[in-house]
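Participant: What shape does this take:
(one chain, ligands or ions: 2)
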Amino acid sequence: MFSEYLVDFLPRAKRVIFLTGAGVSAESGISTFRDPDGLWNKFSPLELASIEGFVNNPERVWQWYQHRRQILNNAKPNAGHYAMAKIQEFLPDVHIITQNVDRLHQAAGAKNVVELHGNILTNRCFKCAKAYTKEIDLDSGELPKCESCSGNIRPDVVWFGEMLPEKAIEKAQEVSEMCDIFFSIGTSSEVFPAANLPLLAKKGGAYLVEINPSTTQISKEADECVRELSGNALPNLLKDIGF
Ligand code: BV8
Ligand code: ZN
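Facilitator: Ligands and ions are numbered 1, 2, ... in the order given. Predicted structure coming up:
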């Protein structure tokens, strides 16, 4: 349930930020980084979503990404994604800053989406960064190689230990430090520098709302914590504000 204060303030807010994490896609059937994902729960994402992980065992990392792409092929945006895109239609300045790489916000019609950690749908050369548009077929037994420099091909995600795309993190910081309401939704707030954004917003005077069934590293900083699934809470928020 959202507070009266928020329901009254949101329709008048000049700038609203939604920071989203894996929890927002959980109701689309995409497991979060914390839920055990069956086959892969013996490896930590930290080890698979990292440069070392790829350099040490590119086959295993490619299998993990192809496994996740398979799941994503059948995944659809959920009510939470649609509700955020709807709120964007009614308010003048709403940015969605996502740590997710699944592009479900865009699939739900959202605009102004800042992808902090890249996306899992496209690939590039690890060496010369040239886009790689051919199908990935691991069954061929060969790992994909760049046609220009024969470097290894990798997914277009940001791995642990890699810098975030400069434009993305700069945009995220710029809009977060000057916003009226900052929603942190479905993220454990354990991955940096994304986890700094709610604090930046708070310092800039924003009203900080957390939507997450569990407590997180930023719960104590939040002005309001809604302990619900985002797929329920966000459509309810839309109803509360009469949009
Ligand atoms: C970097 C793409 C410079 C790949 C990912 C301080 C400053 C800067 C860096 C660091 C720092 N301290 C440590 C670092 C290093 C590191 C880091 O943060 N480590 C952590 C583990 C301590 N950061 C980096 O390496 C970043 N690079 O800063 O470069 C640099 C370089 C070297 C050294 C220093 C600095 C790069 C980070 C990006 C990594 N790439 N993803 C891929 O996806 O394959 S991160 C990955 O984790 C995903 O993007 C994921 O989204 C993200 C964070 O996880 P969450 O989204 O929060 O998901 P999680 O499962 O943790 O939590 C889900 C939450 O949802 C839970 O709270 C749950 O309760 C909730 N939930 C579940 N269901 C629902 C729900 N909520 C609502 N509704 C539901 N239905
Ligand atoms: Zn190359």
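Participant: I'd guessed residue 148 sits against residue 129; true?
Facilitator: No: the criterion here is Cβ atoms under 8 Å, and residue 148 misses it with residue 129 at 10.3 Å. In short, each C-beta sits where N, CA and C put it, glycine included.
Participant: Neighbours of the nearest residue to residue 75 once chain neighbours are set aside, how many?
Facilitator: Excluding the flanking residues, the one nearest residue 75 by Cβ to Cβ, 6 or more residues apart in numbering is residue 28, at 4.5 Å. A total of 22 residues lie near residue 28 under the criterion other Cβ atoms under 10 Å.
Participant: Repeat that for the one 3 residues further on.
Facilitator: Applying other Cβ under 10 Å, we find 16 other residues in the vicinity of residue 31.
Participant: any idea how far it is from ligand 2?
Facilitator: Distance of residue 31 to ligand 2, computed by Cβ to the ion, to the nearest Å: 32 Å.
Participant: how close does that residue get to residue 155?
Facilitator: Look at residue 31 and residue 155: by Cβ to Cβ, to the nearest Å, they are 17 Å apart.
Participant: and if you look at residue 32?
Facilitator: 18 Å.
Participant: Between those two, which has more neighbouring residues?
Facilitator: Neighbours per residue, other Cβ under 10 Å: of residue 32 and residue 155, the larger number sits with residue 155, 25 against 18.
Participant: Can you tell me the SS state at that one?
Facilitator: Put simply, residue 155 is strand when judged by DSSP: H, G, I helix; E, B strand; the rest coil.
Participant: List the beta-bridge partners for it.
Facilitator: Beta-bridge partners recorded for residue 155 (DSSP bridges): residue 123.
Participant: Mind pulling the model confidence for it?
Facilitator: At residue 155, the model reports a pLDDT of 97.
Participant: Provide the contact partners of the helix-or-strand element of the chain with minimal mean pLDDT at residue level.
Facilitator: Across the helices and strands of the chain, mean pLDDT, DSSP states H and E gives its lowest value to helix 45-48, namely a mean of 84. Residues outside helix 45-48 that contact it (Cβ atoms under 8 Å, 6 or more residues apart in numbering): 33, 40, 53, 60-61, 64, 160.
Participant: After that helix, which helix or strand is next?
Facilitator: helix 51-56 (DSSP states H and E).
Participant: which parts of that next one are buried?
Facilitator: 53-54 (16 or more other Cβ atoms under 10 Å).
Participant: from the chain's centre, how far out does that helix sit?
Facilitator: With Cα atoms, centre = their mean, to the nearest Å as the basis, helix 51-56 stands 22 Å off its chain's centre.
Participant: Check which helices and strands it sits against.
Facilitator: For helix 51-56, the helices and strands in contact under the criterion 3 or more Cβ pairs under 8 Å, 6 or more residues apart in numbering; DSSP states H and E are helix 58-73.
Participant: Would you mind confirming that residue 11 makes contact with residue 90?
Facilitator: Yes: if you go by Cβ under 8 Å, residue 11 and residue 90 touch, sitting 7.4 Å apart.
Participant: any residues in contact with both of these two?
Facilitator: residue 243.
Participant: how about the contacts of helix 45-48, which pair is most distant?
Facilitator: Greatest spatial distance in those: 33 and 60, 17.0 Å, computed using Cβ to Cβ.
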